[in-house]
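Asker: Could you work out the structure for the sequence below:
(4 chains)
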Amino acid sequence: MSEKYKEIAEVICQEELSDGIFGMWIKTDKIATNAVPGQFVSLYCADGSKLLPRPISICEINAEKTALRLVYRVVGKGTKEFSSLRSMNKIEVLGPIGNGYTLKNNSAMLIAGGIGIPPMVELAKELKARGVNDITAVAGYRNNQLFLTEELEKYCKVYVATEDGSCGARGNVMDAIREYGLHAEVLYSCGPKPMLKAVSEFAAANNIEAQISLEERMACGIGACLGCVCKTKEKDSHSQVNNKRVCVDGPVFDYREVQL
Amino acid sequence: MSEKYKEIAEVICQEELSDGIFGMWIKTDKIATNAVPGQFVSLYCADGSKLLPRPISICEINAEKTALRLVYRVVGKGTKEFSSLRSMNKIEVLGPIGNGYTLKNNSAMLIAGGIGIPPMVELAKELKARGVNDITAVAGYRNNQLFLTEELEKYCKVYVATEDGSCGARGNVMDAIREYGLHAEVLYSCGPKPMLKAVSEFAAANNIEAQISLEERMACGIGACLGCVCKTKEKDSHSQVNNKRVCVDGPVFDYREVQL
Amino acid sequence: MNTKVNLAGVELKNPVMTASGTFGSGMEYSEFVDLNRLGAVVTKGVANVPWEGNPVPRVAETYGGMLNAIGLQNPGIDTFVKRDLPFLEKYDTKVIVNVCGRTLEDYLDVVERLGDEKVDMLEINISCPNVKEGGIAFGQNEKSVEHITKEIKKKAKQPVIMKLSPNVTDITVMAKAAEAGGADVISLINTLTGMKIDIERQTFALANKTGGMSGPAVKPVALRMVYQAANAVKIPVIGMGGISTAEDAIEFILAGATAVSVGTANFYNPNATVDIINGIEDYMERHGINDIKEIIGKVK
Amino acid sequence: MNTKVNLAGVELKNPVMTASGTFGSGMEYSEFVDLNRLGAVVTKGVANVPWEGNPVPRVAETYGGMLNAIGLQNPGIDTFVKRDLPFLEKYDTKVIVNVCGRTLEDYLDVVERLGDEKVDMLEINISCPNVKEGGIAFGQNEKSVEHITKEIKKKAKQPVIMKLSPNVTDITVMAKAAEAGGADVISLINTLTGMKIDIERQTFALANKTGGMSGPAVKPVALRMVYQAANAVKIPVIGMGGISTAEDAIEFILAGATAVSVGTANFYNPNATVDIINGIEDYMERHGINDIKEIIGKVK
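Answerer: Just a heads-up that it's a prediction; the model follows:
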C-alpha cells in the first residue's frame, strides 16, 4: 500500500468519451508518481450538500507529467459535478488508494465490463512495458457506445462484447471468451459483481490465477470507517472476522480470498 | 407592490469597491424593468448547503439594458460565493421585492450607513430625474474605506461620517448632520437599526417625513413565511396583530408606523 | 396515468400538497404556482384568535436546512374565514386547514367554527416546537395525543389529520395513539427541535433560543419515521420533511406515504410543488406505473 | 493561551477529540494528522469478542450528511489490547476507549479487561442504532441508562463517559439518569436514526434498512441537545454531532460542552481535527480569550 496524498489538482482537459462516460486528465503533485494500475483516487465535490468522496478508478498514469487520467460514468449529482469541470478548474483529490494489480510475467487476459474498463488501460500499458507479449483484453459494453477500445488496442488484442450484439460478441464478456476461444495464464478483472463471479468460476474451472477488483459504497476511503467491506473465506487478521476492506485491503483480490 | 419574477440572470461584471464590499452588474429579463429605488432582490446560492435566498438591495437600475447593479458586503458563505462570480456566470434571482421608497418633490436628505448606502444611489438618481433639486446625502462608514460616494456625487451633495474620523465628520451620520447643519423636508434612510432610530427621532423632533428601510432575517422573501416581521404601532390589517412583513409590506416604512 | 390518491374519502388529484406554515394560504405563491395543479393546499396554522408569534430573529439558515421559530403568528379564525377561505375556493384543489391552539378548548373552538365552511380536511398541529403552551406539549405524550384526537373527532365535521412531532423516542407509539383516538389520517414529521449560536456575538441565532429544523437535512429522519408509522397503523399517512424534489417525494411514497407535503423547498424554489408533480409523472412513465397507488409502501 | 480542559480529572491539552467509529484507532489517520495535536483519540467501539457487523451496503450519502449501519464491526478486545493500544501509547494524547456490547455482561467484560491497561477513560456506547441487541436499546429508557451506568461504575477503574442517543423525547431525562448512575461525563449525540430509499431499484439504500445519520445536517439537533443536557447536569458534557469546522466546535463549547468530538468530518477532510484546533486558537486570539474555560456554557 503506497502513501496517500490529499491534494488540490488542476484539470488539464475533459471530454465525453461516449454516452455519459467522461475522461478527465488532472495534474497532481505526488499522487500520479506514486500510483500503480488498479488503484483509485477519491474525488471530492465542491458542492457542500455532497460530502463523501467519490472513488474513481485510474485509467492512465503519466508519471513524468504527474498527471492522471480518470474515466468515470455520470451516475449521480457528484459525478455530474465532475463532468462540468473544465481545463484550469481545481478539484480535491486523495490518493492513490488501494493495492492495485500484481503484475505477472505470464500471458494475461484483461476482462472488464462497463466502468470497470478504465483501469485496464494502464494495466495493459504496464504489462506490455514489462515485456508481457501475450495480452488480451475483453471489454463488455451495453451497446455500441464503446469507449477506451482504441487506447487498449495500443497495448493488446481487444475483443468486445455488447449486450445488444451491436458490436463484437452478443452478450457479456464470458460469451465473448467462449465465442472467440480465449485463454491466458492470469486473469485481471474489473466490473460488476455478476461478471466477477463468472470470471472466478472460469478461473477455478481452468485452474488459473484471477485478480478481481471489487467495488463497494465507501465513506472515508482510507480504511477507517469499515463501510466498504467484502466477505472473505478465511478470517482476516486485521478485522479478526471474515471481512476485508475494499478500499485499502483491495480493491484487487485473489478470487480465492473473497466470497462474492 | 410590483410583480416578482424568478430568473437566471447573467453576471455582466463584478468589482470589489472597498474592503469586503462588492458591486456586481447583472443582466435580468424582466426584473430590472420593473424595479424602483429601495426595492431588493433575492439571490440564491449555487452551493446546495446554503438554501435560503439572500436579500440584496438594488443600487442602480438600468431599465434600458434590463440590468441591475447590486452592492453588498461579504458577511458569510453566501455573499462570499456571490463575490466569486465573474462575467458570464449565471445566478438565480427573484425580484423585484418590496415597496421601495415613495419619491416626493420636496427637498430630500438621504441618510445611510454601511451597507444601507447602495439603495441611495438609484434613489438620488431618480429624485434628480424627477426634478428635485435640493438633494443631500449623508453616508456613514466605519473608516476611510469609502464606497459609492462618487456615484452619489453625480446626483447630490454628499456628506460623509466615519466612525474613526478618518474622512468627513467623526462619528455617525447624525453627528455629520449636526456638524454640517443639514436640513430637508423628507428623509430617506437605510442602515442599522440604531441609526434608523436616531433618524426617526430627528424626524419627530423636526416634524418632517422620514421613510426608513428595515432589514430582518428572511426565509421566503415573498411574504409567506412570516420570518421577517417588524413591530407596528397599530394593528396591521393583514396580520391582525402588530406585525408587518419587512419583505413585502416594507422594506420601506413611514417611521411613524413601526416600533424599532 | 392515474395520480389520484384518497385520504379518508377525500380524493386528491395528485399526492402533492403544501406543508403548513410554508405556503401561507397560497396567495403569495399564486404569483409563481398554478394552485389548480396541487393535490391540496394546507394552510398556515390558524387559532381561535390572532397570535403575535415570537420576537425576531425568527429564522436562521443551517447546513442543508433552516430553523424557524415563528411562533404560529396568525390572523385568527375570523379573518381567515373571511379572507383566506374565499381565496382558496376559487381554485380546483382541496383545502386543508391547519389548526393550532394553546388549550384543547382553543382547538375545539376553531374546529367547530370551520364545521360549516368549505374546508375538505382539518390538520391538527400538536407538534409545534416554538410555542410555550399547546403545540408540542400535546404531541410528545401518547395519552395526550389520544385524548386530544378523541375530543376533536367528537366536534369535527371534516376528516381529521393529526400532525405528529418527530421529537419522540418512538414515533409508532404516537401514530398508534392518534389512530386509537380516531384520527382519519396522520401527517409527519413536523420540525425537529434545533439550535444555532452566533459565535461572533455569542448569542442564540433565534430570539426563541430553539427553533424547528426543516429542509433537506432532515429528510432521512423524516423518511424513517414515515416508514415506521406507515407500517404501524392502518390509516393513511401524509409524509413530509425535507422534500425538495420528485425523487424525495417518491422515496416517501415508496416508504408508505399516501400523500406528501412540500415545505421548506417552497422558500428557495417557489415552483417546487409543481416541479415535484411533474417529476412524479415522469417517474411513473419511465417505470411503467399506471396508478400511483401501486407504489405506495412498496419498499418494505 | 490556555486550551486545556478537564474531564473528570483527566486533563486534555485541548477540547478536540475524535468521535468513536470515525477514526479507527488512529492508525489510518496518522498518515494525515499528527495525533499528538489531539486532545484525545476516542477509539472505534470494541466488544469482548470480534463482531462481524452488518451486510453491505453499510453507508449512504444524504443531503449534508450520511447514514451508516456498520453494525459495530470490531476485532474484539484481545486484538485491540495487543495491537491498537500499543499504537496509541506512542502518542502524547489521551486515549478513550469506546465500549460496546450485546448484554450488560459483555460491557462489563470489556471494562474489566481494560482496567489495567493504559487507557485514560472509557466511553460506553449505549446508543448505537444499528445493532439488534445492546446499543440503543439500553439508551432509550432512563431506568436502563441509570442501571447500566451503575453497574459499569462498580467495575471501571477509569472515569466513565456515557454516550447518549438523540432518539429520545427528552434528552435531559437520559442525561440525569446517567448522572444519577454515577457517570463521570456524558457525551452526545450519537447518530439519529434515518433511512434512504433507492427509487430506481425500489429498495433500501442500506442493507440494514435504517442507519445512523451524521454530518453537518444534524448539527442543529445536536447543539440543542448538548445545550439542554449541559444545563440539566453538573458533570461535564462532550458535545458532538456534525462538527466540521472550528466555528461548529465553538458553538458547542458556548452551548456548554467541555470538549467536542469530530466525527463524519474526518471522512471528507482527514485533517479536520487539526484544522479545528487551529481555528479555535485563532478565535480565542481574535476574541481575547485567555482560557477556553471562560467560554464553556457562556451562551445561556
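Asker: Find the helix or strand that the closest residue to chain C within the stretch 151-260 of chain A is a member of.
Answerer: Ranked by C-beta to the nearest C-beta, the top residue of the stretch 151-260 of chain A for proximity to chain C is A:Ala219, at 14.8 Å. (Glycine included, C-beta is placed from N, CA and C.) Of the helices and strands defined by DSSP states H and E, none includes A:Ala219.
Asker: ok, it - how many residues close by?
Answerer: Burial measure for A:Ala219: 29 neighbouring residues, criterion other C-beta atoms under 10 Å in any protein chain shown.
Asker: Surely it is in contact with A:Pro55?
Answerer: No. With contacts counted by C-beta atoms under 8 Å, A:Ala219 stays clear of A:Pro55, the gap being 10.5 Å.
Asker: can you list the residues of chain A near chain B?
Answerer: A:46-50 (C-beta under 8 Å from any C-beta of the partner chain).
Asker: Let me know how buried whatever residue of the stretch 101-250 of chain C ends up closest to chain B is, in neighbour terms.
Answerer: Nearest to chain B in the stretch 101-250 of chain C, going by C-beta to the nearest C-beta, is C:Gly215, at a distance of 5.9 Å. A total of 29 residues lie near C:Gly215 under the criterion other C-beta under 10 Å.
Asker: show me what contacts the residue nearest to it when sequence neighbours are not counted?
Answerer: Among residues not flanking C:Gly215 along the chain, C:Gly65 sits closest, at 3.0 Å (C-beta to C-beta, 6 or more residues apart in numbering or on different chains). Counting by C-beta atoms under 8 Å, 6 or more residues apart in numbering or on different chains, C:Gly65 touches B:51, C:213-218, C:242, C:264, D:64, D:217, D:220.
Asker: same check, this time on C:Ser144
Answerer: C:126, C:137-138 are the contacts of C:Ser144 under C-beta under 8 Å, 6+ apart.
Asker: What is the end-to-end distance of stretch A:236-251?
Answerer: Length of stretch A:236-251, first residue to last, C-alpha to C-alpha, to the nearest Å: 15 Å.
Asker: buried stuff in that stretch?
Answerer: For stretch A:236-251, burial by neighbour count (16 or more other C-beta atoms under 10 Å in any protein chain shown) applies to A:236, A:239-251.
Asker: and of those residues, the nearest to D:Arg113?
Answerer: For the buried residues of stretch A:236-251, the minimum distance to D:Arg113 (C-beta to C-beta) is 15.3 Å, reached by A:Gln240.
Asker: Please verify my assumption that the closest one contacts D:Thr79.
Answerer: Yes. Counting by C-beta under 8 Å, D:Thr79 is a contact partner of A:Gln240 at 5.1 Å.
Asker: Between those two, which contacts overlap?
Answerer: By C-beta under 8 Å, 6+ apart, A:Gln240 and D:Thr79 have these common neighbours: D:Pro50.
Asker: burial measure for A:Gly76, as a count.
Answerer: A:Gly76: 11 neighbours (other C-beta under 10 Å).
Asker: again, but for the one 10 residues further on
Answerer: The number of residues packed near A:Arg86 is 9, by other C-beta under 10 Å.
Asker: Run through the helices of chain C in chain order.
Answerer: Taking DSSP state H to define them, one finds helices in chain C at C:77-79, C:85-89, C:104-113, C:136-139, C:142-155, C:171-180, C:219-230, C:246-255, C:265-268, C:272-286.
Asker: and the buried residues of stretch A:236-251, which two are the farthest apart?
Answerer: Across these, no pair lies farther apart than A:Gln240 and A:Pro251, at 21.4 Å, counting by C-beta to C-beta.
Asker: Nearest spatial neighbour of the residue in chain C positioned nearest to chain A, chain-adjacent residues omitted?
Answerer: The nearest approach of chain C to chain A comes at C:Gly64, 5.6 Å away (C-beta to the nearest C-beta). Residue nearest to C:Gly64 in three dimensions, not counting chain neighbours: D:Gly64, with 3.1 Å by C-beta to C-beta, 6+ apart.
Asker: contacting residues for A:Tyr255?
Answerer: Counting by C-beta under 8 Å, 6+ apart, A:Tyr255 has contacts A:196, A:199-200, A:203-204, A:210-212.
Asker: swap that for A:Cys220, please
Answerer: By C-beta under 8 Å, 6+ apart, A:Cys220 lies in contact with A:53, A:227, A:247, D:22, D:28, D:266-267, D:270.
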